[in-house]
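S.K.: one predicted model, sequence on top.
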Amino acid sequence: KTECGIHVAGAEKTFDRDLWEEGSVKDIASNDDALEIVKSGKPSVITVYAPWCQFCQGMEEEYAAFAEEAGVDVYKFRGDEEREFVEANLNTK
C-alpha cells in the first residue's frame, strides 16, 4: 500500500523547498489559524500536505492553477508536522 507519509508515523524524507511558495495558495501558520478558518463557515479549500510527498509534489502545479481561479480562499497546511491535529480537525483520518 502506498501512502504519502502523513498517515504513517515515522515516514521521513527530505525536500529542499516548501510547496506553493508563491501565488494564490495561502499558508496557514498555526493550528489556531486552521481552526479559525474551518469554524468561520466561509467557503474555502485546505490542502493538508508534506513538501517531500511525491503525491503533493505532483499536484503542485494544478493546485496553484486551481487557487488562481477558484473564487474562494485556497490554503495549505503542513500535515506531516501536525499529524494528530490534522486527523482530529481537518478530516484526514
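M.R.: Looks like it came in fine.
S.K.: and Asp80, which of the three is it?
M.R.: Secondary structure, DSSP: H, G, I helix; E, B strand; the rest coil: Asp80 is coil.
S.K.: quick check: it vs Tyr49, distance?
M.R.: Look at Asp80 and Tyr49: by CB to CB, to the nearest Å, they are 8 Å apart. Just so you know, the C-beta spots here come from the backbone N, C-alpha and C atoms, and that holds for glycine as well.
S.K.: residue ranges with poor pLDDT in this structure?
M.R.: Scanning the chain with the threshold set as pLDDT under 70 gives 1-15.
S.K.: how about the strands of it, start to end?
M.R.: 26-27, 44-49, 73-78 (DSSP state E).
S.K.: follow-up on the earlier one: which residue of Asp80 and Tyr49 possesses the greater neighbour count?
M.R.: Tyr49 (25 against 21; other CB atoms under 10 Å).
S.K.: isn't the more buried one right next to Gly79, touching?
M.R.: Yes. Counting by CB atoms under 8 Å, Gly79 is a contact partner of Tyr49 at 6.1 Å.
S.K.: going by neighbour count, which residues in stretch 37-55 are buried?
M.R.: Within stretch 37-55, the residues that qualify as buried are 37, 46-53, counting by 16 or more other CB atoms under 10 Å.
S.K.: ignore what I typed, I meant stretch 66-74.
M.R.: 67, 73-74.
S.K.: how many neighbours does Ser24 have?
M.R.: For Ser24, using other CB under 10 Å, the count is 15.
S.K.: what's near enough to touch Glu21?
M.R.: By CB atoms under 8 Å, 6 or more residues apart in numbering, the contact set of Glu21 is empty.
S.K.: widest-spaced pair of the buried residues of stretch 37-55?
M.R.: Ile37 and Trp52 (24.1 Å; CB to CB).
S.K.: re the thing from before, out of the buried residues of stretch 66-74, who's nearest Lys42?
M.R.: Distances from Lys42 to the buried residues of stretch 66-74, taken by CB to CB, are shortest for Asp73, at 7.1 Å.
S.K.: any idea what the closest one is bridged to?
M.R.: Under DSSP bridges, the beta-bridge partners of Asp73 are Ser44.
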